[in-house]
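Engineer: just coords:
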C-alpha cells in the first residue's frame, strides 16, 4: 500500500477519534440560543465564555478536591509500591512469586465490588465522605499496578550497582533510597502518572464513599452539574474541558518517561 494512502487513512482515523474532543470544546463556546441550530454549527460563530465563567464560579472546589485526592494517591502509591517492588526484584523474599500473582489477580477485581467493601468498613470506622477515605480507596487500585511496574524496572538494575553500595557500607534502606530510587525515575513517573489519572477520573469510589461529603471530586461535580443544569450544555462541556486539562498536560510532559517505564524489563540482555 502506498505510503501516502497509509498516511491519509491514519489522518482520517485520527480525526474521527478526536472529533468528540473537538465537539466538546466547540459546544463549550456555543451560546444556548445556538445549541439547537439545524444543521449544528461546526464552529462557534457567536462564541461565549458563559460556560467557563459558570465553571469558575461553581466548580473550583470540586477541582481542588480532585487535586488533593490525586496528589495524596500518588504519594501513598509510590510510598508503598516502590519498596515492595524493590523487595520483589532484588531481595527475593520467600513467596514473592505468589505475591506477584496475587497482585495481578487484584487488578481483575471489579471496582464496584471493592467500593461496596470499603463502604461497609468506612461506615463502621466513621470515615465516609472524607478525602482521606478516597485517597486510600484509589490507592488500592494503583498500588498493585505500581508494584508490578517497579518490580519489572528494578529487575533490570545491575546487581553490581547495589553490591557497590553495600561495599561502601550502605544498608538495605540506604541502598534503596540513595541508589535504586534515583535510577528508577522513569518508573516513579509512570506509576505517579497512572495513580493520579486513576484518582482524577474515579467515579465509582467517589459516588459510593463520598456521595454526601462536603468536599467532592470533579467527577461528582460534573455529575451533579448535569442534573442541576441539563439545559446549559456549554457550562457542562466547559467543565469537561477544564477537567481534562491536567490529565492532558501530564500525559504530554511525562510521555517520554512513561514509554521507558512501561517497557522496562520487557527485553532481557
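Structural biologist: Structure's in. What do you need? As the structure is a computational prediction, the values presented were derived from the model and not from experiment.
Engineer: Could you use CA atoms for every contact and neighbour count after this?
Structural biologist: Fine.
Engineer: shouldn't residue 234 be in contact with residue 29?
Structural biologist: Yes: assessed by CA atoms under 8 Å, residue 234 is found in contact with residue 29 at 6.3 Å.
Engineer: Quick check: residue 43 touching residue 26?
Structural biologist: Yes: using CA under 8 Å, residue 43 is in contact with residue 26, at 6.3 Å.
Engineer: domains of the protein?
Structural biologist: 1-48, 62-264 (automatic domain parsing).
Engineer: right, and those domains - which one's nearest residue 55?
Structural biologist: Smallest distance to residue 55 across the domains of the chain (CA to CA): 5.8 Å, for domain 62-264.
Engineer: Averaged pLDDT, that closest one. What do you get?
Structural biologist: Averaged across domain 62-264, pLDDT comes to 86.
Engineer: switch to numbering from 51
Structural biologist: Right, with 51 as the first residue, what we last looked at is domain 112-314.
Engineer: For the longest helix seen in the chain, buried residues please.
Structural biologist: Criterion DSSP state H: the longest helix present in the chain is helix 283-313. Neighbour counts over helix 283-313 (16 or more other CA atoms under 10 Å) mark 283-293, 297, 301, 305, 307-308, 310-312 as buried.
Engineer: helices or strands next to it in the packing?
Structural biologist: Contacting helix 283-313 under the criterion 3 or more CA pairs under 8 Å, 6 or more residues apart in numbering; DSSP states H and E are the following elements: helix 53-78, helix 100-108, helix 181-205, helix 235-251, helix 268-278.
Engineer: now those as CSV including distance to residue 141?
Structural biologist: Putting these into CSV (distance: least, CA to CA, whole Å) gives the following:
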stretch, distance to residue 141
helix 53-78, 45
helix 100-108, 50
helix 181-205, 10
helix 235-251, 18
helix 268-278, 40
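Engineer: Residue 105 reaches residue 287, doesn't it?
Structural biologist: No: look at residue 105 against residue 287 with CA under 8 Å: they stay out of range, at 9.7 Å.
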